[in-house]
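Engineer: just the structure for this:
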Amino acid sequence: MTPTAPALQVVILAAGQGKRMRSDLPKVLHPLAGKPLLAHVLETARLLQPQGICAVIGHGAERVRDAVATPDVVWAVQDEQLGTGHAVMQALPRLAPEGTVLVLYGDVPLIGLTTLRSLVQAASSGVLAILTQEVADPRGYGRIVRDAEGRVVKIVEEKDATQPERAILEVNTGVMAMPRSRLDDWLRRLGNDNTQREYYLTDVVAAAVADGMAIEVRHPAAAHECLGVNSKAELASLERRLQMNRASQLLESGVTLADPARIDVRGELACGRDVFIDVNCIFEGRVTLGDGVRIAANCILRDVVVGDGTEVKPYSLIEEARIGARARIGPYARIRPGTELADEVHVGNFVEVKASTFGRGSKANHLAYVGDASVGSGVNIGAGTITCNYDGAQKHRTVIEDDVHIGSDVQLVAPVTVGKGATIAAGATITKDVPPGGLTLTRKVQETRADWRRPRKK
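Structural biologist: Below is the predicted model:
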């Protein structure tokens with residue numbers, strides 16, 4: 001009978017202030033690809049299906065808790081930041097007494113699932129497993145010290161290292177997994193006799209070696225996984241690295257990108273076949289693009305579904321909306337939340353649509369505002385037309401039935417219904433329901449005053 005693997009518990013250290021960020025925002029809340037750094041780490045931790053997750057917070061604790069609060073995370077507070085070992089001590093009361101404990105960092109957001117699974121597997125037999133990597137420039141990192149047989153004997157922080165130790169290129173990433181049953185004892189044996197006067201979690205390695213335990217070593221699947229964020233420059237570097245990774249995935253899936261270095265995916269982007277995305281486009285939340293969709297330059301899409309063959313022209317902003325197949329949006333269109341556009345709809349330049357539905361083949365090609373409206377099929381809305389949906393206190397709905405033709409510069413004062421097949425002449429102000437068919441206009445007789453003179457400046 002195969003023994004059951006020990007239950008996994010994850011501790012995420014997220015208490016640091018991040019002084020080099022030069023910001024009032026706690027470091028782990030700085031956004032990467034549209035989400036807080038800590039949220040990225042939490043997402044990866046959840047993929048391991050742990051028994052529990054404990055986040056250790058300190059600087060800006062309430063802000064951090066409020067920003068990423070979820071039922072599957074318990075919180076421990078490190079009131080004084082006295083080192084990584086001290087931080088894990090604060091988590092001990094929140095941990096079950098058995099199983100494996102994986103320690104992650106809230107400012108190391110790109111750590112990969114494959115890497116963590118390998119590390120947890122190495123520790124599952126009841127040993128201490130650490131994640132290390134070799135770097136060309138080890139400055140700033142703790143060094144992995146090995147004996148003559150190549151066995152790990154300790155980790156020494158750079159400020160406490162001798163000159164020979166500083167020459168070591170194998171460095172500590174900080175990520176480690178260990179048996180929960182040994183953790184209390186190892187942490188009790190930590191001291192702060194070092195230049196920082198802190199309790200280093202890395203000193204549990206020497207404690208484990210002193211107990212006769214061999215240290216398992218694993219390496220990240222990709223070098224960038226262990227990059228942390230300590231400054232705005234490092235945050236910007238990680239942002240571009242993550243976006244390039246996402247661009248590579250899109251290219252491999254068959255998406256055509258005009259320039260992989262000029263796309264931002266700040267959420268989830270799912271694409272069909274033969275999708276084209278031009279430069280400087282931003283995708284936020286969950287965006288789905290159907291087959292043959294073309295997104296032109298400088299567009300922003302947030303929580304949007306776009307049907308097959310639709311073209312979004314430059315400088316369009318689309319939020320929380322659904323767009324049908326073979327539609328044409330923009331340029332310079334704004335589609336606001338709650339909008340649903342059917343197949344073959346045209347929403348043109350400088351047109352704003354909010355909380356409205358458009359039936360198949362309807363068009364608003366120029367300079368219009370359509371808000372809180374139900375627009376039927378085959379409707380044409382002329383330039384300068386607006387739905388007057390707000391009376392200063394309440395929003396009211398406009399209903400435009402099928403095959404309506406609305407001329408330029410028309411005001412539809414809601415609540416109002418325009419009947420099927422009606423035509424509204426240019427310049428009309430509609431305050432009452434319009435019957436089906438026929439022409440509705442509200443013009444006065446045109447006159448010219450020949451003796452009138454235009455005022456002139458004195």
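
Engineer: tell me the domain ranges of the chain?
Structural biologist: Segmentation of the chain into domains, based on automatic domain parsing, reads 8-226, 252-440.

Engineer: will you turn the ones you listed into CSV that also has mean neighbour count and mean pLDDT?
Structural biologist: The C-beta positions use only the backbone N, C-alpha and C, and glycine is treated the same way. Converted to CSV, the domains of the chain look like this (neighbours: other CB atoms under 10 Å; pLDDT from 0 to 100):
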stretch, mean neighbour count, mean pLDDT
domain 8-226, 18, 94
domain 252-440, 19, 97
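
Engineer: to Arg240, which of those domains lies closest?
Structural biologist: The closest of the domains of the chain to Arg240 is domain 252-440. By CB to CB, the value is 7.7 Å.

Engineer: that older thread, ok, which of the domains of the chain comes nearest Leu242?
Structural biologist: domain 8-226 (5.4 Å).

Engineer: now do that closest one: distance to the chain's middle.
Structural biologist: Its chain's average C-alpha position is 24 Å from that of domain 8-226, according to CA atoms, centre = their mean, to the nearest Å.

Engineer: end to end on that domain, go ahead and measure it.
Structural biologist: For domain 8-226, the first and last residues are 21 Å from each other (CA to CA, to the nearest Å).

Engineer: please apply the same query to stretch 107-127.
Structural biologist: In stretch 107-127, first residue to last residue: 26 Å (CA to CA).

Engineer: other residues contacting stretch 382-395?
Structural biologist: Contact partners of stretch 382-395, identified using CB atoms under 8 Å, 6 or more residues apart in numbering, comprise 364-373, 396-398, 406-414, 426.

Engineer: again, 6 Å this time
Structural biologist: Contact with stretch 382-395 is made by 366-373, 396, 398, 406-414, as judged by CB atoms under 6 Å, 6 or more residues apart in numbering.

Engineer: quick check: end-to-end length of that stretch?
Structural biologist: Separation of the first and last residues of stretch 382-395 by CA to CA is 23 Å.

Engineer: list the contacts of stretch 325-341.
Structural biologist: Defining contact as CB under 6 Å, 6+ apart, one finds that stretch 325-341 is touched by 307-324, 343-347, 349-358.

Engineer: now stretch 84-103
Structural biologist: With CB under 6 Å, 6+ apart as the test, stretch 84-103 has contacts from 6-11, 13, 15, 54, 56, 74, 76, 78, 120, 123, 176-178, 180, 183, 187, 190, 199-201.

Engineer: what secondary structure does Glu239 sit in?
Structural biologist: Assigned with DSSP: H, G, I helix; E, B strand; the rest coil, Glu239 falls in the helix class.

Engineer: please name the residues that touch it.
Structural biologist: With CB under 6 Å, 6+ apart, Glu239 has these contacts: Leu32.

Engineer: quick one: it from Asp274, how far?
Structural biologist: For Glu239, the distance to Asp274 equals 28 Å [CB to CB, to the nearest Å].

Engineer: okay, stretch 370-377 in PDB with CA atoms only?
Structural biologist: Provided in PDB are the C-alpha atoms of stretch 370-377 (Å, rounded to 0.1, in the frame of the first residue of the first chain):
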ATOM      1  CA  VAL A 370     -26.700  55.700 -26.500                       C
ATOM      2  CA  GLY A 371     -27.300  55.000 -22.800                       C
ATOM      3  CA  ASP A 372     -29.800  52.800 -21.000                       C
ATOM      4  CA  ALA A 373     -31.400  51.900 -24.400                       C
ATOM      5  CA  SER A 374     -32.800  48.800 -26.100                       C
ATOM      6  CA  VAL A 375     -32.000  49.200 -29.800                       C
ATOM      7  CA  GLY A 376     -33.600  46.700 -32.200                       C
ATOM      8  CA  SER A 377     -32.300  45.200 -35.400                       C
END
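
Engineer: chain center to that stretch: distance?
Structural biologist: From the chain centre to the centre of stretch 370-377 is a distance of 31 Å (CA atoms, centre = their mean).

Engineer: what does it contact?
Structural biologist: In this structure, residues lying in contact with stretch 370-377 by CB under 6 Å, 6+ apart are 353-362, 364, 387, 389, 395, 397-402.

Engineer: grab the nearest non-local neighbour of Pro331.
Structural biologist: Lys313 (4.0 Å; CB to CB, 6 or more residues apart in numbering).

Engineer: that neighbour and Ile295 touch, don't they?
Structural biologist: No - under the criterion of CB atoms under 6 Å, Lys313 makes no contact with Ile295, lying 9.0 Å away.

Engineer: mind listing which of the contacts of stretch 370-377 are in helices?
Structural biologist: Nothing among the contacts of stretch 370-377 maps onto helices, per DSSP state H.

Engineer: where exactly do the strands run in the stretch 1-150 of the chain?
Structural biologist: Per DSSP state E, counting those that start in this stretch, the stretch 1-150 of the chain carries strands over the ranges 8-14, 31-32, 35-36, 52-57, 73-77, 100-105, 128-134, 143-146.

Engineer: and the ones you listed: which comes nearest Asp211?
Structural biologist: Asp211 lies closest to strand 128-134 among the strands of the stretch 1-150 of the chain, at 9.5 Å (CB to CB).

Engineer: show the residue spans covered by the strands in the stretch 151-300 of the chain.
Structural biologist: Using DSSP E, counting those that start in this stretch, strands in the stretch 151-300 of the chain cover 152-156, 170-179, 215-218, 256-257, 263-271, 276-277, 281-289, 294-295, 300-306.

Engineer: of all those strands, which lies closest to His30?
Structural biologist: Distance to His30, taken as CB to CB, is lowest for strand 263-271 among those, at 13.6 Å.

Engineer: quick one on the thing from earlier: now the strands of the stretch 151-300 of the chain in a markdown table, with distance to Lys444?
Structural biologist: As requested, these are exported to a markdown table (distance: least, CB to CB, whole Å):
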| stretch | distance to Lys444 |
| --- | --- |
| strand 152-156 | 87 |
| strand 170-179 | 77 |
| strand 215-218 | 83 |
| strand 256-257 | 55 |
| strand 263-271 | 52 |
| strand 276-277 | 51 |
| strand 281-289 | 48 |
| strand 294-295 | 46 |
| strand 300-306 | 43 |
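
Engineer: out of those strands, nearest to Asp107?
Structural biologist: With CB to CB as the criterion, Asp107 lies closest to strand 170-179 of those, at 10.0 Å.
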